[in-house]
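K.L.:
Sequence and computational prediction follow.
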Amino acid sequence: ATGWLGMTVNAPMTVSSDITINTTTGMLLLYSNNTQDFIVSPGANLTLSNIIMYDGRGVDGGCLVNFGTVSIVGDVRFNGCAASNVGGAIYNDSSATLNVDNRWPTWLGGSLDIQSSSATYGGGIFNNGGAVSLDVGFMSNNSATQGGGAVFNGNNGTMTIGAAGANFDHNSSLSGGALF
């Protein structure tokens, strides 16, 4: 990354069609003002690369609420997001798909990095019966008061961790510090 572009989010951005956000010459920093960054509608597709989301807040999904399809294809970071209920950084609904592609070098943490996020269930990600494919990622210092410090996979959701793997470090919860 050669440059930084900062933006304050005062209300969630609703994605209702196919949108790609990719800053090819730097990083986009989204500073949330006590709100979520994105709400992805059913049937919509959001592709993210080179973006950092800070301090998102919500009931379900502190930074990102997904009812459609979200593809993370390179260096997407969530830091300090919080949900009062589920999914500190990301809430993935029953009809939703979250794909994390392995296009970012694993020695840099992979395509997805979730740190210092919190919720009652799923400090990093709460998958509510949807599909999550995690080729590579890094989740650290996330917490959930009840279950899934990093990830809570519930309601018969599917979760696949690819060959490159995921790193879980210093996540905490009453049940399942990393995964539940």
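P.N.:
Looks like it came in fine.

K.L.:
Just the pLDDT at residue 25, thanks.
P.N.:
On the pLDDT scale, residue 25 is placed at 76.

K.L.:
didn't it look like it was pressed against residue 3?
P.N.:
Yes - under the criterion of CB atoms under 8 Å, residue 25 makes contact with residue 3 at 5.9 Å. C-beta: built from backbone N, CA, C; applies to glycine.

K.L.:
is the closest residue to residue 157 other than its chain neighbours in a bridge, and if so with what?
P.N.:
Residue nearest to residue 157 in three dimensions, not counting chain neighbours: residue 127, with 4.1 Å by CB to CB, 6 or more residues apart in numbering. Beta bridges link residue 127 to residue 92, residue 153, judged by DSSP bridges.

K.L.:
check contacts around residue 127.
P.N.:
By CB atoms under 8 Å, 6 or more residues apart in numbering, the contact set of residue 127 is 92, 98, 151-154, 157, 159.

K.L.:
State the number of residues packed around residue 19.
P.N.:
With neighbours defined by other CB atoms under 10 Å, the count for residue 19 comes to 14.

K.L.:
Could you find the closest non-adjacent residue to it?
P.N.:
Closest residue to residue 19 apart from its sequence neighbours, by CB to CB, 6+ apart: residue 46 at 5.5 Å.

K.L.:
list the contacts for that neighbour?
P.N.:
Residues counted as contacts of residue 46 (CB under 8 Å, 6+ apart) are 15, 19-21, 38, 40, 66, 68-71.

K.L.:
cool, residue 22 as well?
P.N.:
So residue 22 contacts 47-50, 73-74 (CB under 8 Å, 6+ apart).

K.L.:
I'd like a version of those in CSV, one that adds pLDDT, secondary structure and neighbour count as further columns.
P.N.:
Putting these into CSV (pLDDT from 0 to 100; DSSP: H, G, I helix; E, B strand; the rest coil; neighbours: other CB atoms under 10 Å) gives the following:
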residue, pLDDT, secondary structure, neighbour count
47, 95, strand, 18
48, 94, strand, 23
49, 90, strand, 21
50, 89, strand, 20
73, 87, strand, 18
74, 81, strand, 20
